[in-house]
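**Student:** Sequence and computational prediction follow.
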There are 2 protein chains.
Amino acid sequence: MFECPIPETEKDYVQMAHGGGGRMMNQLIREVFLKEFGSPEVGKQNDATVLPQVDGRIAMTTDSFVVTPLEFPGGSIGSLAVHGTVNDLAMSGATPLYLTAGFILEEGLSLDLLKRVVKDMAKAAQKAGVTIVTGDTKVVERQGGNGLYINTSGVGIVQHELEICPASIREGDAVLLSGDLGRHGMTIMSLRSGLNFGDQLESDSAAVHKAALALIEAGIPIHCMRDVTRGGLTSTLSEIAEDSGKTISLNEENIPVRDDVRSACQLLGLDPLQVACEGRFAVILPAEYANKALQILHSHPVSQGAEIIGMVETRRTAPLLLTGVLGVERILTMPTGMQLPRIC
Amino acid sequence: MFECPIPETEKDYVQMAHGGGGRMMNQLIREVFLKEFGSPEVGKQNDATVLPQVDGRIAMTTDSFVVTPLEFPGGSIGSLAVHGTVNDLAMSGATPLYLTAGFILEEGLSLDLLKRVVKDMAKAAQKAGVTIVTGDTKVVERQGGNGLYINTSGVGIVQHELEICPASIREGDAVLLSGDLGRHGMTIMSLRSGLNFGDQLESDSAAVHKAALALIEAGIPIHCMRDVTRGGLTSTLSEIAEDSGKTISLNEENIPVRDDVRSACQLLGLDPLQVACEGRFAVILPAEYANKALQILHSHPVSQGAEIIGMVETRRTAPLLLTGVLGVERILTMPTGMQLPRIC
């Protein structure tokens, strides 16, 4: 029987019919998603996936990823979508277990690109020790032809009794940062602007849960922990300080920023403290545990550049203060305008 | 101090800065999302939300919603996003507990429209008895200026030992449908085409978990259950039949389709069996329980139009067969081309 050949260009790209609930969607799911995420749970293809009983409190989180470009030095939207959600779980002290993956594809997206992203996502999940248990695919009409959004939601298990939140922080607490700032943001910026900020610049995107959970396992009574993403360190610590009613004061000279990131920021008029990371976190804990925590962080590759960057004080002047290298203290305020759009 | 006034037009719409991680995002979250989803869990604004221990197997699901238009008779993308995920959990026999909500907003989206959608979402969640425990917001550049995608992921608890999946269905099983087909799809189609298919046509979008779970509570050993969404009844039952290795045979005269939906489908050349619903489900169970199940379904408003529409047989001819009103049997195949895009 003669079958009408599909033109090569069309079959290499996402079509509206891939989202229609019919045969093409079925094929896309089997050939792209199940191939990479082939856990027994996903294989059952039910609307929901039934999982074993979880022994402990559970943690839930969700994050949508709209980063552009979809691939960048150090990762892709796929690995970022795994790291982001794994890190959000870890920041509440939860061991990440299961992820869901929701894809919104734009008509015209290259299937090869989609396959690379999905492969990258599967690899990141495997490395982090989490299972992608269920997924969903939608297709929207062509806009620019290169659109892909991924939502990952996650469930983790909480095996400690700590209340890790801004309300738990106390005067005298130490503030630690797990590594140098701004690499993810400046990598994306470099690609978008066409400027070359140095061959070595790649995203810091990484799953940090092993380092973060090691602190809890060592018995360190963490008060607050948060990953440094959109809005950078300034936003992250401003939120914590505002919600806690305390002041966080930082020492600029202890905040690690690589020279190439610093130069790139200077060139573009950006503040490295406001640039997004995707593999860094801040942790606030009683000062007497600071050195032990630092030692543990240094033993994990993702946090080997950790530093003690500041302390918690009674509220004075403003929620977030920075003492510069010349000894002058200034107020850091949460960025008001548009930071880098679509950074994660 | 003189403050530069923001032009009225701008402050009424979503701006890129609403996604930047800074003060505007913070304000959007507090004034739009927390206002409506104000559960104590969401109020804590951590990256992940820690919830009590769940006693039983857990079920997880995810669904992204891209329906256009964003509001329609019978609901909005907000209520749809709750119903869709609640229903996916219910179809595995899970009691829905917690939802996450991920928003991707397009620059230029009306804030009033967003607020209405979020309010509708909160109302649907409350009515369904589920809590929205955490959320996320991203903003993407202006395309058409009316874009909003919502991902909801859900966690439920499974309190039965049934294996509800295609592999469980047996020859002789009865196939029940919870109500009339095609109302959601034809409501959206009617809005898009500008055709008026009758004043009474509104989406069937609804949470069906109470009806579905009542069957399990009554001790009915359900073999398979699935909601009828994209691709309609044909896709839903084709997938089950294909995965099970059995044939499902349907009687057309028992499949409920309202006259206005049937006429609208005829006008547009659509098959009502391929049109999406958002408040209907098919359930496959041992024939001896069919009447008891029907009685239970009729006692719930969302499934008061339930019918026995077919049975499971040993595989013959094709996975899915339909005997028409004139007694002629024909093969139903999963739709291959594009169905209605962006229906859910």
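**Tutor:** Great, that's in hand. Given the structure is predicted, the values throughout are model-derived calculations rather than measurements.
**Student:** In the stretch 101-250 of chain A, what residue spans correspond to helices?
**Tutor:** With helices called from DSSP state H, counting those that start in this stretch, the stretch 101-250 of chain A shows them at A:111-128, A:183-193, A:209-217, A:232-244.
**Student:** okay if I get those helices as a markdown table plus mean neighbour count, mean pLDDT and distance to chain B?
**Tutor:** Heads up, the C-betas are built off the backbone N, CA and C, glycines and all. Below are the helices of the stretch 101-250 of chain A laid out as a markdown table (neighbours: other Cβ atoms under 10 Å in any protein chain shown; pLDDT from 0 to 100; distance: least, Cβ to the nearest Cβ, whole Å):
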| stretch | mean neighbour count | mean pLDDT | distance to chain B |
| --- | --- | --- | --- |
| helix A:111-128 | 19 | 97 | 14 |
| helix A:183-193 | 24 | 92 | 11 |
| helix A:209-217 | 21 | 98 | 11 |
| helix A:232-244 | 24 | 95 | 5 |
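**Student:** how about these, which one is nearest A:L89?
**Tutor:** Closest to A:L89 of the helices of the stretch 101-250 of chain A, according to Cβ to Cβ: helix A:209-217, at 6.9 Å.
**Student:** and the direction of that closest one versus that of helix A:111-128, what angle?
**Tutor:** Counting by axes from the mean of the first three to the mean of the last three Cα atoms, to 10 degrees, helix A:209-217 lies at 20 degrees to helix A:111-128.
**Student:** Now do helix A:209-217: everything it contacts.
**Tutor:** By Cβ atoms under 8 Å, 6 or more residues apart in numbering or on different chains, the surrounding residues in contact with helix A:209-217 are A:86-87, A:89-91, A:93, A:95-96, A:128, A:160, A:162, A:178, A:222, A:225, A:281, A:283, A:285, A:293, A:296-297, A:299-300, A:302-303.
**Student:** who's in contact with A:S299?
**Tutor:** Here A:S299 is in contact with A:A214 (Cβ under 8 Å, 6+ apart).
**Student:** Likewise for the one 3 residues further on?
**Tutor:** By Cβ under 8 Å, 6+ apart, the contact list for A:V302 reads A:178-179, A:206-208, A:210-211, A:279.
**Student:** ok, these vs chain B, which is closest?
**Tutor:** A:V208 (11.8 Å; Cβ to the nearest Cβ).
**Student:** All the strands of chain A, in order from the start?
**Tutor:** A:49-53, A:57-65, A:71-72, A:75-76, A:94-106, A:131-140, A:148-158, A:174-177, A:224-227, A:246-251, A:281-285, A:307-314, A:320-323, A:329-331 (DSSP state E).
**Student:** In TSV, list the ones you listed along with mean pLDDT and mean neighbour count.
**Tutor:** Formatted as TSV, the strands of chain A follow (pLDDT from 0 to 100; neighbours: other Cβ atoms under 10 Å in any protein chain shown):
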stretch	mean pLDDT	mean neighbour count
strand A:49-53	89	18
strand A:57-65	96	27
strand A:71-72	96	19
strand A:75-76	98	25
strand A:94-106	96	25
strand A:131-140	94	24
strand A:148-158	97	27
strand A:174-177	98	25
strand A:224-227	97	24
strand A:246-251	98	22
strand A:281-285	98	25
strand A:307-314	98	19
strand A:320-323	98	20
strand A:329-331	96	12
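**Student:** Format those as a markdown table; extra columns: distance to chain B.
**Tutor:** Shown next, in a markdown table, are the strands of chain A (distance: least, Cβ to the nearest Cβ, whole Å):
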| stretch | distance to chain B |
| --- | --- |
| strand A:49-53 | 5 |
| strand A:57-65 | 3 |
| strand A:71-72 | 17 |
| strand A:75-76 | 17 |
| strand A:94-106 | 3 |
| strand A:131-140 | 5 |
| strand A:148-158 | 3 |
| strand A:174-177 | 16 |
| strand A:224-227 | 6 |
| strand A:246-251 | 16 |
| strand A:281-285 | 10 |
| strand A:307-314 | 18 |
| strand A:320-323 | 13 |
| strand A:329-331 | 14 |
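**Student:** of all those, which lies closest to A:L270?
**Tutor:** strand A:320-323 (15.8 Å).
**Student:** give the contact list for A:G179.
**Tutor:** Counting by Cβ under 8 Å, 6+ apart, A:G179 has contacts A:204, A:256, A:277, A:279-280, A:302-306.
**Student:** change it to 7 Å
**Tutor:** Contacts here follow Cβ atoms under 7 Å, 6 or more residues apart in numbering or on different chains; on that basis A:G179 touches A:204, A:256, A:280, A:303, A:305-306.
**Student:** Check A:E106 too.
**Tutor:** A:14, A:140, A:142-143, A:145-148.
**Student:** Name the nearest residue to it, ignoring sequence neighbours.
**Tutor:** A:G147 (3.2 Å; Cβ to Cβ, 6 or more residues apart in numbering or on different chains).
**Student:** ok, how many other residues are close to that neighbour?
**Tutor:** Applying other Cβ atoms under 10 Å in any protein chain shown, we find 21 residues neighbouring A:G147.
**Student:** Please tell me the pLDDT value assigned to it.
**Tutor:** A:G147 is assigned a predicted lDDT (pLDDT) of 90.
**Student:** got it, and A:F2?
**Tutor:** 45.
**Student:** Make CSV out of the strands of chain A and add distance to B:D199.
**Tutor:** As requested, these are exported to CSV (distance: least, Cβ to Cβ, whole Å):
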stretch, distance to B:D199
strand A:49-53, 41
strand A:57-65, 37
strand A:71-72, 50
strand A:75-76, 49
strand A:94-106, 33
strand A:131-140, 30
strand A:148-158, 37
strand A:174-177, 61
strand A:224-227, 52
strand A:246-251, 59
strand A:281-285, 56
strand A:307-314, 62
strand A:320-323, 57
strand A:329-331, 60
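**Student:** hang on, isn't A:D47 packed against B:M91?
**Tutor:** Yes: if you go by Cβ atoms under 7 Å, A:D47 and B:M91 touch, sitting 4.7 Å apart.
**Student:** where do the contact lists of these two overlap?
**Tutor:** B:226-227.
**Student:** quick one on the thing from earlier: which one of the contacts of A:G179 sits closest to chain B?
**Tutor:** For the contacts of A:G179, the minimum distance to chain B (Cβ to the nearest Cβ) is 13.3 Å, reached by A:R280.
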